[in-house]
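Novice: have a look; sequence and predicted model below, questions after that.
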Amino acid sequence: MRQRRWGVPQGGKSQASARGMGRRKLLRGAGAVGIGLFAAPQILTRAWGASLRTVRFSEAVHNLGYIDLYVARDKGFFAEQGIDLNLTAAGGDSQAFASVLGGSAEFGCGDSTLCEISLEKGGPGVVLGELVSRAQYFGVSKKLTKTITDPKDFKGLTFVTSPPPNTNYNVLVLALKKAGLDPNKDVKILNVSPGTEIGPVLAGEADIAVAYEPNVDTAVVGQGAHVVFSWASFMGPFHNTGMYALPSFVSANADLVQGMANALQKGALYAYKYPDEAKAVARKEFPDLDPNIVNAAIQRQLDNNIPATTFVVSETGWQALMTVGAGLGNCQCNLSFSKVVDNSFASKAAATVKL
């Protein structure tokens, strides 16, 4: 299965046109921890000099949708658990999963379908929690201003996505088929390089781009475009991004895994309770982006429940992911939920972690 690309490409500036915005190759590990930013509660941390265990975490891409992860790191929630998080952007879902399989990272996050595929083929992998709980795609238009709620109204329109099997193409085709439309006859689909979907819409060459943040609000805030469709609302709960590891590592390091779950559960609670603080963290993570675009992007994602509100994997969302995967031929997608997902650490975190 090829990688899904919904994050920010590495090496450059934010894209108000067809150019990709920079994604740093190696991000800082857990930084200084202590008192939160203005208006945020004080964050308790481990005493200076206390030993932290370095944990390597491979994220598929550096992505505004992973705000729970960045909040947890910035606010010291990993350090509270004795963890020094070494975070790297792998460049795609397949690469992040390969980092875990190859032992260059203890944990990864990205498309959890890869765990399903690995297990179907007799390989390892276990999903331990959820970072993104909805499909983080929006229909962006310059020509259209009226919100579309029924994909039947897509008939006759020209769309822009990145090529299959990238996820924005997949979710468009899913919506079309659910509406009884033929993707090859009832609409026109233009394929462009991932991250450049907005360009043809702004140039008047297409009606709707299927895009993700920060590209969405780069167009909306900066160039007067309009969001006319939300795949988050259309699809409902959807296990868009999970955290995974090797089962052998999990069984040998239960306390560490619990610490990761605790930190990410707290990050989720914090991002939703203190959205202004989440925006401040995002502005630091994406300094090359216009702060107004970052603020709008985080607010739109929180409003659409895209970042996980809890680290616990939703079984409903998981089944939605498997339905999409099976429909696209990515996997048989018929293993039992408990065969692929171990919710025990996330459930304990949800029951015990408080702000």
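Specialist: Alright, I've got the coordinates.
Novice: next SSE after the one helix or strand in the chain whose mean pLDDT sits lowest?
Specialist: Ranked by mean pLDDT, DSSP states H and E, the weakest helix or strand in the chain is helix 167-178, scoring a mean of 90. Counting by DSSP states H and E, the element after helix 167-178 in chain order, helix or strand, is strand 188-191.
Novice: state the mean pLDDT of that following strand.
Specialist: On average, the pLDDT along strand 188-191 is 97.
Novice: which ones are touching residue 98?
Specialist: Listed by CB atoms under 8 Å, 6 or more residues apart in numbering, the contact partners of residue 98 are residue 90. Quick note: C-beta positions are derived from backbone N, CA and C, even for glycine.
Novice: distance of it relative to residue 140?
Specialist: Note on residue 98: its distance to residue 140, by CB to CB, to the nearest Å, is 32 Å.
Novice: what stretches of the chain score poorly on pLDDT?
Specialist: Segments of the chain classed as low confidence (criterion: pLDDT under 70) are 1-50.
Novice: other SSEs contacting the least confident helix or strand of the chain?
Specialist: Counting contacts by 3 or more CB pairs under 8 Å, 6 or more residues apart in numbering; DSSP states H and E, helix 167-178 is packed against strand 158-161, strand 188-191, strand 208-211, helix 231-235, helix 315-327.
Novice: what are the buried residues along it?
Specialist: 167, 168, 169, 170, 171, 172, 173, 174, 175, 176 (16 or more other CB atoms under 10 Å).
Novice: could you tell me the angle between it and helix 315-327?
Specialist: Between the direction of helix 167-178 and that of helix 315-327, the angle (axes from the mean of the first three to the mean of the last three CA atoms, to 10 degrees) works out to 90 degrees.
Novice: residues in contact with helix 167-178?
Specialist: Contacting residues not belonging to helix 167-178 are listed as 4-6, 111, 135, 137, 151, 154, 159, 161-164, 182-183, 186-187, 189, 191, 197, 210-212, 231, 234-235, 324, 327-328 [CB under 8 Å, 6+ apart].
Novice: Three-state assignment for the residue lying closest to residue 128 once chain neighbours are set aside, please.
Specialist: Counting by CB to CB, 6 or more residues apart in numbering, the nearest residue to residue 128 once its immediate chain neighbours are dropped is residue 243, at 5.2 Å. In the three-state summary, residue 243 is assigned as strand, counting by DSSP: H, G, I helix; E, B strand; the rest coil.
Novice: and for residue 243, the neighbour number?
Specialist: 28 (other CB atoms under 10 Å).
Novice: renumber starting at 314 from here on
Specialist: Right, with 314 as the first residue, what we last looked at is residue 556.
Novice: that one contacts residue 438, correct?
Specialist: No - at 11.5 Å, residue 556 and residue 438 do not qualify as touching, with contact defined as CB atoms under 8 Å.
Novice: pretty sure residue 636 contacts residue 646?
Specialist: Yes - under the criterion of CB under 8 Å, residue 636 is in contact with residue 646, at a separation of 7.4 Å.
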